[in-house]
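> sequence first, then the predicted structure, then my questions.
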Amino acid sequence: MSTTSTKESKSVAPTTRQRRRANLSDRAKSERRLGWYLAGPAFIVMLAVTLYPILQAFWDSLFSLRLTAPDDTTFIWFANYITVLSDPIWWRDLGVTLIITVVTVIIELILGFALALVMDKAIKSLRGLLRTAILVPYGIITVVSAYAWFYAFDINSGYINHWFDWIPGISPDLNWFAEFWPSLSVIMASEIWKTTPFISLLLLAGLAQVPSELTEAAQVDGATWWERMRKVIVPNMKAAIMVAVLFRTLDAFRIFDNVFIMTNGAHGTEVLSLLAYRTSISRLEIGLGSAISVLLFVCVLIICFVAIKLFKVDLAGTQGDK
Amino acid sequence: MTSGKQKITWAVIAVLVLLYALFPVASILSTSFKSPSDLTSGKFLPSSGAGTLDNYKQILVGDAQGLFLSALRNSIGIALIATFIAVVLATLCAYAIARLDFPGKKVVLTTALAVSIFPVISIVTPLFNLWRNIGLYDTWPGLIIPYLSLTLPISIWTLAAFFRQIPWELEQAAQVDGATTWQAFRKAIVPLAAPGVFTTAIIAFFIAWNDFVYGISLTSTETARTVPAALAFFTGASQFEAPTGAISAAAIIVTIPVVLLVLLFQRQIVSGLTQGAVKG
Amino acid sequence: MAAITLNNIVKKYGDGFPAVNDVSIDIADGEFVILVGPSGCGKSTILRMIVGLEDITSGELLIDGERSNDKAPRDRNLAMVFQNYALYPHLTVFENIAFPLRLAKGKHKEEDVQKLVTEAATMLELTDHLQRKPANLSGGQRQRVAMGRAIVRQADAFLFDEPLSNLDAKLRGQMRSEISQMQRRLATTSVYVTHDQTEAMTLGDRVAVLKKGELQQIASPRELYEQPVNLFVAGFIGSPSMNFLPASLEGNTLKTTLGNIEISPEKAAKGKDLPVLLVGVRPEFFEDASLVEEHKLQYGSTFTAELTHTEWLGNEQYGYINFDPAPEVREMLNSLARDMDADELRPQVVVTLDAASKIRGGRPADLWLDTRRLHLFDPKTGENLTLDAAEGARLTEEANAERAEEIESARQEA
């Protein structure tokens, strides 16, 4: 932060306190009003597009509701939830989703950190090029990424089998999308490729916040590169790492596009989002689909809760929020 | 400073990163130039040298034209409108957050954060039902509204971070210099805020452009179906032919704007994503 | 040009804590007033209330006799120089200086703008940099651009918010004299906030010393130095700080840890009711007894003390004497130090000696103390018992006369 903003925050802090209590001057009052006039529309829109639907979903989930038989709607309390939770498919899909989440986030963290280091240390002439290159996967449509990876591995149109047939287990006849692990691997590869840039940019920002004096001091103290990394840099950018991991975890947990395009859930690769989609949109079982939607939402809340309470991720703090 | 050995190291690293970042794009680019018989060659490049443009012809002027061009129009229109609305709302909101003192500031920010981690699929089911009832299913507004749930929160956060770094003292200085509140804002702040708003717009556009879940769930025909959704519904020239080439060509066409934006504004996008500084 | 009057100004924050409490200051037209004090004393808040960037909780602000509490900043016609310069990064130096003129639409023709900006730029030696952007300027140049923006307005008053604190020491001295000369030449009412007492002493016609939102004393620098109203002002003004020695009074003799000091009966009379006093002695009140001229000896008191060490500075020397105060005195001194934003005050007396003095640490030495100028303070209230209000008024009167002369001659030059 620049000196300006530090000073700003200092002068603003007491003002905030003042405004909270009585004795508001006209200006403070009009500032409050203006604040809500400006922030209000965005706030209302956000609530309208999320809070309302999730409440509606919760309400719908208490009914036996199928669009194929709309007159047959009955209030059934939590029966839908019991149906979902006693179905092994839910648990299998939860497992697949968790595998994808954990594996992709771990690999992305390592790969992203390496990329961040490269961008941080790169000589000036390369920096722009590297950043441009890395932003291509970030900006590309996930569906396009899914097709790119799919066609490269596909038994008909792919070339990967031909390129790597010298590796045991890979041959021109290998159908990557006919089995669980191979298809899941390609799905994860596409996911990792597409989202690592985001994580690496967050980590790059974290790296930039580690004062260079610290690493220089460690260098003078005789720390090797690896020691500097482990004992000085990583501990000092822990906040950035945690935030990156949490964001990516929540994002990976919602994975849908890659699975839909590549396997559409075949061979046990179905994930929770896809389960919800199929139930509501394909089979039009709104009641049951809503229950899955609500459960998915609860899962996200649990992940957040765990991250914030157990790992003390300070989401607001990293954004310089007071 | 940089020795020859370091130069080589960096060259190797650069090539690796480029390979990582661009290979899948190159892969689908190459696929888009393959003729149907070429697809199964098992080779990376199309065999007939420069390849064929048939796939592009098919989606731009051929029989898949209706499907693709309408989807492209929908994608561009819907993404731009959703971006525009989100950025306008977010600019006002972020200004209030960064600048004004009002109770509930934190609530707004927390809401934005909560919305941004919301599982999209959880919103789709109720919207699907509701849109069908009120006639928004398979319309532009029917996608633009839920797109706001994707674009608005990140726009608010990015812009609030940008706006916090603006030396607001300038606004006060301008007021002391004799400016009205509005003049102070327009002459001292807008020139500094504009780059942040623009960057936010690019990021919001990427997100709207990328959407798939809403696209396939809330549309059913060419009136509102976007490109990512349309790609999933492509069929081959005949029932027995996979639409691989056409999909690849379409994928390349929708990737072009992304690559252009990245090439032109990589610096801004990076600073936007990392809440970078507005340099004075 | 305008006089600024603050009547019982209060600024309260939500927790009820007054950041500024009942401050009244009369600033005459053309006067240069400094607000000084440790951080958190409310000096910047007062400035921001004058300029209209901060609401006034209660009290009255008059600019040129007109109540201005609720006027918008732009309607006050004041110019402010900010600590971080507040230059518009997207505008050239020329446009930065012209900014206020451009805002007053229609009032200034393009030629006028050109002329005014060029004039200001010439005065500030910025002519060569007019087409550059602020980011490409040095700290001193940026500071001058900020001043140019203030000058070009022909504002009723200049307000400075620690304008030199971001500059290095050398530049600060130079800019200080530039500001001083500019103010004399333009004779524009100025209010200047600083925590640097050198700036306070050298720039101001009058200096207002603030502590925790309360005005302690407002007077000419000389008066503050010679006749401080209380311990805080006495300790805050002057460098090295005034020494405070615990003492008890027996007749006309002050019994201190340094030895016995004879004082005049008039002074002794003022402190006779208190069991313990604090004696305020500035370092330069001391001298090597062997170097004091014969006729001066009678105005002071000579005693023997052992210095721990001395520092030779070329034109003078500092000597240090440690003493061991009673716990309650030590506590008092520490709380005084906290008020002044300093670290803990060491129980140490600093004395200034002539550069030729042969006194060295570790040996007993004869020191002479000019007892005419010392003050006695009540350790409980901090009040200066020996304050000579008449003498103080005389000093300020004198300063005013000098200043009037200076302005007159500056105007004749211009």
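Structure received.
> okay, and for chain A, where does confidence drop off?
Residues of chain A that meet the criterion pLDDT under 70 lie in A:1-26, A:313-322.
> tell me the secondary structure at the residue of the stretch 101-250 of chain B found nearest chain A.
Closest residue of the stretch 101-250 of chain B to chain A, Cβ to the nearest Cβ: B:Phe102 (2.8 Å). Backbone N, C-alpha and C define where each C-beta goes, glycine included. Of the three states, B:Phe102 takes coil under DSSP: H, G, I helix; E, B strand; the rest coil.
> same thing with A:Leu65?
strand.
> just checking, it touches A:Leu284?
No: applying Cβ atoms under 8 Å as the test, A:Leu65 and A:Leu284 come out as separate, 9.3 Å apart.
> for these two, indicate the residue with more neighbours.
A:Leu65 (24 against 18; other Cβ atoms under 10 Å in any protein chain shown).
> could you pull out the helices in the stretch 1-150 of chain B for me?
Secondary structure of the stretch 1-150 of chain B (DSSP state H, counting those that start in this stretch): helices at B:4-32, B:54-60, B:65-99, B:105-116, B:120-134, B:140-164.
> quick revisit: show me what contacts the residue of the stretch 101-250 of chain B closest to chain A?
By Cβ atoms under 8 Å, 6 or more residues apart in numbering or on different chains, the contact set of B:Phe102 is A:Arg19, A:Glu31, A:Arg32, A:Arg33, A:Leu34, A:Gly35, A:Trp36, A:Ala39, B:Ala96.
> distance to chain C and neighbour count for these - can I get that in TSV?
Below are these laid out as TSV (distance: Cβ to the nearest Cβ, whole Å; neighbours: other Cβ atoms under 10 Å in any protein chain shown):
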residue	distance to chain C	neighbour count
A:Arg19	7	23
A:Glu31	10	18
A:Arg32	13	17
A:Arg33	16	12
A:Leu34	15	17
A:Gly35	16	23
A:Trp36	19	17
A:Ala39	21	27
B:Ala96	19	26
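> what's the pLDDT at the residue of chain C found nearest chain A?
Across chain C, the shortest distance to chain A (Cβ to the nearest Cβ) belongs to C:Gly14, at 3.8 Å. Reading off the confidence values, C:Gly14 has pLDDT 72.
> also the one 5 residues further on?
In this prediction, C:Ala19 carries a pLDDT score of 91.
> so it is in which element?
Using DSSP states H and E, C:Ala19 sits within strand C:18-27.
> and the contacts of that strand?
Outside strand C:18-27, the residues touching it (Cβ under 8 Å, 6+ apart) are A:14, C:3-13, C:33, C:42, C:45-46, C:49, C:57, C:59, C:189, C:191, C:208, C:210, C:212-215, C:218.
> number of nearby residues for residue 107?
In the absence of a named chain, this looks at chain A. A count of neighbours around A:Ile107, defined by other Cβ under 10 Å, yields 15.
> um, chain C though
Here the number of neighbours of C:Lys107 (other Cβ under 10 Å) works out to 11.
> what about the residue nearest to it when sequence neighbours are not counted, how many neighbours?
Leaving aside its sequence neighbours, C:Lys107 sits nearest to C:Leu101 (Cβ to Cβ, 6 or more residues apart in numbering or on different chains; 7.6 Å). Applying other Cβ under 10 Å, we find 23 residues neighbouring C:Leu101.
> could you do A:Gln219 as well?
Neighbourhood size, A:Gln219 [other Cβ under 10 Å]: 14.
> does it count as helix, strand or coil?
Assignment for A:Gln219 (three-state DSSP): helix.
> can you give me the distance of it to chain C?
Relative to chain C, A:Gln219 is positioned 29 Å away (Cβ to the nearest Cβ, to the nearest Å).
> next one: A:Pro137
For A:Pro137, the distance to chain C equals 34 Å [Cβ to the nearest Cβ].
> where does the stretch 101-250 of chain B have low pLDDT?
B:235-241.
> which bits of it sit near chain C?
Proximity of the stretch 101-250 of chain B to chain C is confined to B:167, B:169-170, B:172-181, B:183, B:187-188, B:191-192 under the rule Cβ under 8 Å from any Cβ of the partner chain.
> select only the buried ones of those residues in PyMOL?
To isolate the buried members of these in PyMOL, using 16 or more other Cβ atoms under 10 Å in any protein chain shown:
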select buried, chain B and resi 167+169+170+172+173+174+175+176+177+178+179+183+187+188+192
